[in-house]
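> have a look at this prediction, sequence included:
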2 protein chains.
Amino acid sequence: MTEHPFDRAVRLDAVDAETFRGATDPAWANMVGPFGGITAAVLLRAVESHPDRIGDPLALTVNFAAPIADGEFDISLRAARTNRSNQHWMLELRQGGEVKTTATALFGLHRDTWADDETHPPSVPAPEDVARGTFVDAIVWANRYDMRFAEGPVPLRAVEPSTSSTTTLWVRDVEGRAVDFAALACLSDVFFPRAFLRRGKFLPAGTISLTTYFHADQREIDALGSDYLLASAHANRFSRGYFDQSAHLWSRTGQLLASTHQLVYFKD
Amino acid sequence: MTEHPFDRAVRLDAVDAETFRGATDPAWANMVGPFGGITAAVLLRAVESHPDRIGDPLALTVNFAAPIADGEFDISLRAARTNRSNQHWMLELRQGGEVKTTATALFGLHRDTWADDETHPPSVPAPEDVARGTFVDAIVWANRYDMRFAEGPVPLRAVEPSTSSTTTLWVRDVEGRAVDFAALACLSDVFFPRAFLRRGKFLPAGTISLTTYFHADQREIDALGSDYLLASAHANRFSRGYFDQSAHLWSRTGQLLASTHQLVYFKD
C-alpha cells in the first residue's frame, strides 16, 4: 500500500534522544519551500513521537525563520519543563546547521470540567451544496485538500478589493485520510494570505509566526473521521508590512476544534 | 527620584552576552508568583536590551511553565536567526537552574505599505464617564492600573453566570507612566480569567501560554503617552480543563495596537 502523502511528509527517524530527521515532500510544496502547515504538523509529530511526551497537544507556536530547502532536515527538541499535568517543549528545525524554524509546544492532560463553546460557526450551506474551489496551480500542496469556499475564495483573477478579509471554507483531505492532531496543525495554516482579498490581487506575503490552540481532545479527534471541517479566517489589522490573522476550525457538528492565529509579512 | 515600579520590575543586568539577571518586584505580585504580564514585559525588555537586536517587536509568545518564586531570575536568550528585515529570538527564564518560563520573540523592521484597521473598537463611553473599577485585594499588581470596566467587570461577589465572557475596559498606568512596547506586552495579560464571568465566581485558573502581535510601530507607541487604552477580551471555547482567550488593545483614537491570545487552564 502506498503511504498517504501526509504520513510520508511527517515521517521521522530518531537520530538520538533529542533529534529526529525528516525530509520535505514534493506533494506539499508551496511557492518557496514547503507549506507552513506541513512544517507545523511535522514539528507537532516530533513531540508526539518523543518517548517522554505526556498528554494531548494544547498549544503550538511555530516561527518561520527562513525558507526550508528541498531535502532532509533535523528537528531538535527537549522538554524544558515537565509538570504533573503538562509539559513545555522547545524545538528547532535545522538544515546544514542553519536554523530554519523555531517552535514551542505545550502538551497536557485533559480532565472533566464545565464546558461551553462560545464562538459558533458561521451559517453556511452544507459542503455538498458548495462547489469545489480551486487554488492556484503553482501551489502544489493545495491539491492535497478538497476545499469548498462559502465566503472569500482565492481571487484567481484581479478583482475589486473586498472590504472584508474573511474566508470561510469546508475542507478535508482529498484522499479521505482521517484527521489527527498533526493534520489539525496542518489545517491551521490552510488559508491564503488575507491581504489577497483586501487588495483583490496576489502580492508577496508569508506567515512568520503561527500559534494554534487545540480545544479537542483525543476522543473528539477520533470522532472526526475524514469528514469536512469548517474553517474561517479574518485579519485584524494591516500595518506597515505586517498583518495578523485569527481563524477557527469547527467539526461539521459545530464543535470548535482549534483557534489559530498568525502574523504575516506582506509587500504592497 | 524614585524609579517607577514598572521600570524597576523590568530592570535587567547583563551577566554575559546571552544572559540577563532580573528580580521579581512585590508591586507586581499575583496570587502565586508575579503577574504574567510583567514576566512577558521583562522577557521583551531582555530582547530590546540585547546589542544585536534589530527592529521593533512584532510577535511574542510566552509559556508559563512553572511559578516564578520571589527573588532573582536569569533570562538566557539568543537570536536563533537574523534575516535582513527580521530576527527570531528564543528565551528561557530560570531560577536555580530550573526553567520557569520559555518564550520566542520576533522583531523586525517596518516599511510603508497599504494599511487598514479591520477590527474596530467596541462602542463604549469615554473613560472619564466610566467609574474606576476594583479588582481583588489579593491581586497586588492590579493596583498598578487605573481600570474602568465598560463591560464584564470582575465578579467581586458571586453573581449569576454570564452568557458572555467579554470584558471591555479602559486601562492606564495609575501613575501616568507612558506606554512603551514592554508596557504593551504587560497590558496584553491585564484581563482576569474569562471563566470567572461565565461561572459568576472565582475558580482556580492561570495562563499557560500567551501570544501577542504588536501592530504599532515605535512612532505610534510614542504618540500614546500615558492616555487610556481600550482593551477587550473574550473566550472562544471552554473544554476539559482549558480555555482560550482572544483580546485586542486599541488607542483612544481607535488604532489597533496589539492582538493578543492565550490558553488558560482552569478547574471547575
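The structure has been received and is ready for your questions. Note that this is a predicted model, so its numbers are computed, not measured.
> drop to CA atoms for contacts and neighbour counts, all remaining ones
Will do.
> would you map the helices across the stretch 51-200 of chain A?
With DSSP state H, counting those that start in this stretch, the ranges of helices along the stretch 51-200 of chain A come out as A:181-187, A:194-199.
> among these, which is nearest chain B?
helix A:194-199 (8.9 Å; C-alpha to the nearest C-alpha).
> next, see if the closest one gets close to chain B.
No. Helix A:194-199 stays clear of chain B (C-alpha under 8 Å from any C-alpha of the partner chain), getting no nearer than 8.9 Å.
> show me what that helix is packed against.
strand A:229-239 (3 or more C-alpha pairs under 8 Å, 6 or more residues apart in numbering or on different chains; DSSP states H and E).
> how about 10 Å then?
If you count contacts as 3 or more C-alpha pairs under 10 Å, 6 or more residues apart in numbering or on different chains; DSSP states H and E, helix A:194-199 packs onto strand A:205-214, strand A:229-239, strand A:242-250, strand A:256-266.
> can you tell which of these is closest to chain B?
Taking C-alpha to the nearest C-alpha, strand A:229-239 is the member of the helices and strands packed on helix A:194-199 nearest to chain B, at 4.5 Å.
> just the mean pLDDT for the closest one, thanks.
For strand A:229-239, mean pLDDT rounds to 98.
> what comes up buried for it?
Neighbour-count burial for strand A:229-239 flags A:L229, A:L230, A:A231, A:S232, A:A233, A:H234, A:A235, A:N236, A:R237, A:F238, A:S239 (criterion: 16 or more other C-alpha atoms under 10 Å in any protein chain shown).
> okay, the helices of the stretch 51-200 of chain A in JSON lines with mean neighbour count next?
Conversion of these to JSON lines gives the following (neighbours: other C-alpha atoms under 10 Å in any protein chain shown):
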{"stretch": "helix A:181-187", "mean neighbour count": "24"}
{"stretch": "helix A:194-199", "mean neighbour count": "24"}
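> would a markdown table of the ones you listed with distance to A:W250 be doable?
What follows is the helices of the stretch 51-200 of chain A, written out as a markdown table (distance: least, C-alpha to C-alpha, whole Å):
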| stretch | distance to A:W250 |
| --- | --- |
| helix A:181-187 | 11 |
| helix A:194-199 | 20 |
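> I'd like the ones you listed as JSON lines, with mean pLDDT appended.
Shown next, in JSON lines, are these (pLDDT from 0 to 100):
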{"stretch": "helix A:181-187", "mean pLDDT": "98"}
{"stretch": "helix A:194-199", "mean pLDDT": "96"}
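> so which of these is nearest B:P67?
B:P67 lies closest, by C-alpha to C-alpha, to one member of the helices of the stretch 51-200 of chain A: helix A:181-187, at 28.3 Å.
> could you say what helices and strands that closest one packs with?
Packed against helix A:181-187, as judged by 3+ C-alpha pairs under 10 Å, 6+ apart, are the following elements: helix A:5-9, helix A:36-49, strand A:56-64, strand A:167-173, strand A:205-214, helix A:218-222, strand A:229-239, strand A:256-266.
> list the helices and strands the fourth one packs on?
Helices and strands touching strand A:167-173, as assessed by 3+ C-alpha pairs under 10 Å, 6+ apart, comprise strand A:145-151, helix A:181-187, strand A:229-239, strand A:242-250.
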